[in-house]
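Participant: have a look; sequence and predicted model below, questions after that.
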Amino acid sequence: MNRVLLALVLLSPSFLQVSKANVFVPTTIDETIPADTARVDTGLTLHGVTVLGNRKKDLQMKTSVNSVVVDRNYLTTNYSGSLMQSLSGVPGVKASSIGSGESKPTIRGLGFNRMVVAEDGIKHEGQQWGDDHGLEIDQFAIDRIEIMKGPAALLYGSDAIGGVIDLYSNRIPNKPFEGAASIFTRTNNESLGLSAKMSGRQNHLYWRTNITAIDYADYKVPTDSIEYYSYRIGLHNRRLRNTAGRELDGSATLGYIGYRFHTDLKVSNSYNKSGFFANAHGLEVRLSDIDYDHSSRDIDLPQHSVNHLKVMSHSAYQADKWVLEMSLAYQNNIRKESSEPVSHGYMPKPADALEREFKKHTLTGNLELTMPIGDKHSFKAGINTEYQHNRRGGWGFIIPDFETLSLGGFLFDRFTITKDLIVNAGLRYDFARTHIHSYSDWYKTPTADGDSVYKERSANSTRSFNSVTWSTGVNYSVGNWVLKANIGKSFRMPIPKELGADGVNYHIFRYEKGNAALDPEESYQLDAGIHWSNDRVTVQVDPYLNYFPNYIYMNPTANYYEGLQLYYYTQSRVVRYGFEAQVDWKILPTLEAGVKGEYLYAEQLSGEKKGYTLPFSTPWSVDTDVKYSFQPETDHEAYVALNLHIVGAQNNIVPPEKSTPGYFTLNMTAGKTFAFHDNTLRVSLHAENLLNRKYYDHTSYYRLMDIPEPGRNVALMLTYNF
């Protein structure tokens, strides 16, 4: 092939838009997006257990980015506790479980501050730097999800170096009153939950509300004991003691739709409280007076709670030739970590149980203009700004107080040469400034000369960063083929934890040390997409190549500090490459089958660990699916599906990391929809690890304690739509 296929990582505007009868509104989830919409279709939609590609070539030509659209039915069918666990069946997307009800997302092995989770186009800002921090978002309020795999910094700037998971809950109701109510349960941690949402529309005004409540017990693993620091720890009834929790979420939206103007205001709040696995917090738990085995639903010490308040507004004005959008948001994230007050090292016994507290305030503003230029060009321009203000508390230290201000702007043009050949290019500039406050221990530490001082953990400093990033690409279609590729540069500024951490993280049993001299992280990535489909078969292969001149990562060492393994932040040149592939076959109108898999290789090209991979690297995996539908495409649809999930051994490690053996699990989903006049009742069953196999996830820090992943788990959900 003589042409070099390049593609722009083009993100979607901040909400789904379409012009209908000259009224500018977001589309509903079941509407077809016309070709002239301001929003870019991503082409591949997940409807159920089997990943079915969209066979319409024009949809594949809407964007050159490798991306997936997940609808509400997929989330209901594959409910697995947390939102990210439910999405872990998407090729390239993984979830590291954290206890019973939380998990951290990764895209192509990149997580934390290397990927963005956004809600209705607004970047979600919590304490996402922590390994044990989940997402403070109500998964039952979400209508659809767009997952962008690969660099996506054009609209989001820093942190979108690995991709974006964009969550949308902005569906416009079509009736004066409608809604849905769900009840659900999971057997492994005996969770019970209820979620209800209602909405309505009268002329130009509409409203939406949602509330979710979940309560869950300690979760179970397929083993009677684990080994930690050469100590054998027995598990009562095979439960990880003190991993119970509860969650309460709520939101309300009020909106107006006019002839050319649309605006809405949304207020949401998410509260979660759960325990940390007690034995992971330190061997002193053996001496605690707490009876952790008294009840599987108690939330004892150590524990954490988080409350996330979010106020968002989105407005748009549509003229004859252009569209102007503005999004504003305020977020307040309050996180508390509590543990039994005991002395550690030179630290005396604290007076209370509040180990850490973080109060983060975030202000966000986005402005975007979309307009055509002639018949061939579609032009976009936008500016983004964000201000973060974070304050700490408690007797433990891990990150300092900080303020961060970031500004960015982008230009993008999409040039349609012919309907089968589309090129695009974009340019972005970002500036950010972070001010880190000094911090010294509240207790004295002896020095070598015999004195005692208040040890400084963080020094007062201000760092400024700026970067020019770009992306360019093309889509090409011929026959049943659609070929895409893109090349671009992204950047990520070091976060305050990477610059100023200096303390013990007891929840994941390690000592973490920052590096104030870190440079901004840059990434160059080449992505490609090869798609072929006919009426029955869809084939898709998405390879990528990623080069980091200065990758930032936490390096594990063989040294111990204050009794825990020492990790410190460093930088090295890194190359990463891999692919996602899938084949889907509609054998009969009622029978579907599919195979999907992913592979990732990473290697450090410089530094202390030159020649090794990166810590917690994702091993290869393959999924095979078979689905049989009863009465498909009717109001009484029913289905049953089997999934075989195979994960390879991970022997490519970073010393002193240990290898993780491969494994497989057998999973099943089933469901049926019952129609009652204009209402429906949907019954969904999702069973994981049917054989109750014992296995370890290489990306989970719990494996360092010899803790396997959860055992057999069956989730049942009943949803009534009215």
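Facilitator: Arrived safely. From a predicted model like this one, the values you see are computed outputs, not experimental measurements.
Participant: tell me the pLDDT of the closest residue to residue 332 other than its chain neighbours.
Facilitator: Spatial nearest neighbour of residue 332, excluding adjacent residues (C-beta to C-beta, 6 or more residues apart in numbering): residue 309 at 4.4 Å. (Each C-beta comes from the backbone N, C-alpha and C, glycine too.) For residue 309, the model assigns a pLDDT of 98.
Participant: for residue 675, the count of nearby residues, please.
Facilitator: 12 (other C-beta atoms under 10 Å).
Participant: beta-bridge partners for it, please?
Facilitator: residue 680 (DSSP bridges).
Participant: thinking residue 501 is in contact with residue 516, fair?
Facilitator: No - using C-beta atoms under 8 Å, residue 501 is not in contact with residue 516, being 10.2 Å away.
Participant: out of those two, which sits in the busier spot?
Facilitator: Between residue 501 and residue 516, counted using other C-beta under 10 Å, the more crowded position is residue 501 (25 against 14).
Participant: can you give me the strands in the stretch 101-250 of the chain?
Facilitator: 102-107, 110-111, 116-119, 122-123, 144-149, 163-168, 178-186, 191-202, 205-216, 225-228, 231-234, 245-257 (DSSP state E, counting those that start in this stretch).
Participant: and the residue nearest the centre of the chain, how close does it get to residue 362?
Facilitator: The chain has residue 105 as the residue nearest its centroid, 3.7 Å off, counting by C-alpha atoms, centre = their mean. Going from residue 105 to residue 362 by C-beta to C-beta, to the nearest Å gives 19 Å.
Participant: repeat that for residue 307.
Facilitator: Applying C-beta to C-beta to residue 307 and residue 362 gives a distance of 14 Å.
Participant: mind checking which of these two has more residues around it?
Facilitator: residue 362 (21 against 16).
Participant: show me the shaky parts of the stretch 401-550 of the chain.
Facilitator: Where the stretch 401-550 of the chain drops to pLDDT under 70, the residues are 506-507.
Participant: equivalent analysis for the chain, please.
Facilitator: 1-60, 62-64, 97-102, 130-133, 281-286, 506-507, 635.
Participant: tell me which stretches of it form helices.
Facilitator: 57-60, 72-77, 83-86, 153-156, 496-500 (DSSP state H).
Participant: now the last one, how far from the centre of its chain.
Facilitator: Shown here is helix 496-500, whose average C-alpha point lies 21 Å from the average C-alpha point of the whole chain (C-alpha atoms, centre = their mean, to the nearest Å).
Participant: deepest in the core, which of the strands of the stretch 101-250 of the chain is it.
Facilitator: Mean neighbour count (mean count of other C-beta atoms under 10 Å) peaks for strand 163-168 among the strands of the stretch 101-250 of the chain, with a mean of 26.
Participant: CA-only coordinates of that strand in CSV, if you can.
Facilitator: The C-alpha coordinates for strand 163-168 follow below in CSV (Å, rounded to 0.1, in the frame of the first residue of the first chain):
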residue,chain,number,x,y,z
GLY,A,163,-7.5,7.5,26.0
VAL,A,164,-10.8,8.7,27.2
ILE,A,165,-13.9,7.0,28.7
ASP,A,166,-16.7,9.5,28.1
LEU,A,167,-19.9,8.9,30.0
TYR,A,168,-23.2,10.4,28.8
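Participant: packing partners of that strand?
Facilitator: strand 102-107, strand 116-119, strand 144-149 (3 or more C-beta pairs under 8 Å, 6 or more residues apart in numbering; DSSP states H and E).
Participant: the same query, at a cut-off of 10 Å, please.
Facilitator: Packing partners of strand 163-168 (3 or more C-beta pairs under 10 Å, 6 or more residues apart in numbering; DSSP states H and E): strand 66-71, helix 83-86, strand 102-107, strand 116-119, strand 122-123, strand 144-149, helix 153-156.
Participant: which strands border the shortest one, and is each parallel or antiparallel?
Facilitator: Sheet neighbours of strand 122-123, with direction, are listed as strand 116-119 (antiparallel) (DSSP bridges).
Participant: about what we covered before: now for residue 501 and residue 516: what residues contact both?
Facilitator: Residues touching both residue 501 and residue 516 (C-beta atoms under 10 Å, 6 or more residues apart in numbering) are 458, 569.
Participant: and the gap between the residue nearest to residue 523 when sequence neighbours are not counted and residue 622?
Facilitator: In this structure, residue 523 finds its nearest non-sequential neighbour in residue 490, 4.6 Å apart by C-beta to C-beta, 6+ apart. Separation of residue 490 from residue 622 (C-beta to C-beta): 29 Å.
Participant: of these two, which one has the most company?
Facilitator: Neighbour totals were compared for residue 490 and residue 622, and residue 490 leads with 30 against 16 (other C-beta under 10 Å).
Participant: can you tell me which residues contact that one?
Facilitator: 9, 114, 150-154, 156-162, 428, 467, 469-471, 521-525, 546, 548.
Participant: how about 6 Å then?
Facilitator: By C-beta atoms under 6 Å, 6 or more residues apart in numbering, the contact set of residue 490 is 151, 153, 161, 469, 523.
Participant: just the buried members of those?
Facilitator: For these, a burial check counting by 16 or more other C-beta atoms under 10 Å picks out 151, 153, 161, 469, 523.
Participant: residue contacts, the fourth one?
Facilitator: Under the criterion of C-beta under 6 Å, 6+ apart, the neighbours of residue 469 are 153, 428, 489-491.
Participant: ok, it to residue 122 distance?
Facilitator: 20 Å.
Participant: can you count the residues close to the nearest residue to residue 662 once chain neighbours are set aside?
Facilitator: The shortest distance from residue 662 to any non-neighbouring residue, by C-beta to C-beta, 6+ apart, is to residue 649 (4.0 Å). Burial measure for residue 649: 13 neighbouring residues, criterion other C-beta under 10 Å.
Participant: my guess is residue 494 meets residue 519, correct?
Facilitator: No - assessed by C-beta atoms under 6 Å, residue 494 is found out of contact with residue 519, at 7.6 Å.
Participant: neighbour count winner among the two?
Facilitator: Legend: neighbour count by other C-beta under 10 Å for residue 494 and residue 519, higher for residue 494 (25 against 14).
Participant: report the contact partners of the nearest residue to that one once chain neighbours are set aside.
Facilitator: Of all residues not flanking residue 494 in the chain, residue 518 sits nearest, at 4.3 Å (C-beta to C-beta, 6+ apart). By C-beta under 6 Å, 6+ apart, the residues touching residue 518 are 494, 498, 552.
Participant: want to throw the residues you listed into CSV with distance to residue 618?
Facilitator: Output for the contacts of residue 518, formatted as CSV (distance: C-beta to C-beta, whole Å):
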residue, distance to residue 618
494, 23
498, 21
552, 18
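Participant: if we can go back for a sec, tabulate the strands of the stretch 101-250 of the chain (CSV), appending distance to residue 302.
Facilitator: Converted to CSV, the strands of the stretch 101-250 of the chain look like this (distance: least, C-beta to C-beta, whole Å):
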stretch, distance to residue 302
strand 102-107, 15
strand 110-111, 23
strand 116-119, 26
strand 122-123, 30
strand 144-149, 32
strand 163-168, 29
strand 178-186, 23
strand 191-202, 21
strand 205-216, 17
strand 225-228, 15
strand 231-234, 15
strand 245-257, 13
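Participant: which stretch among the ones you listed comes nearest residue 406?
Facilitator: Nearest of the strands of the stretch 101-250 of the chain to residue 406, taken as C-beta to C-beta: strand 122-123 at 10.2 Å.
Participant: would you tell me which of the helices of the chain gets closest to residue 665?
Facilitator: Closest to residue 665 of those, according to C-beta to C-beta: helix 83-86, at 13.1 Å.
Participant: just how off-centre is the closest one within its chain?
Facilitator: Centre-to-centre, helix 83-86 and its host chain are 8 Å apart (C-alpha atoms, centre = their mean).
Participant: for it, C-alpha coordinates in CSV please.
Facilitator: Output of helix 83-86 as CSV, limited to C-alpha atoms (Å, rounded to 0.1, in the frame of the first residue of the first chain):
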residue,chain,number,x,y,z
LEU,A,83,-18.8,0.4,36.2
MET,A,84,-15.3,-0.4,35.1
GLN,A,85,-15.7,-4.1,35.8
SER,A,86,-18.8,-4.0,33.6
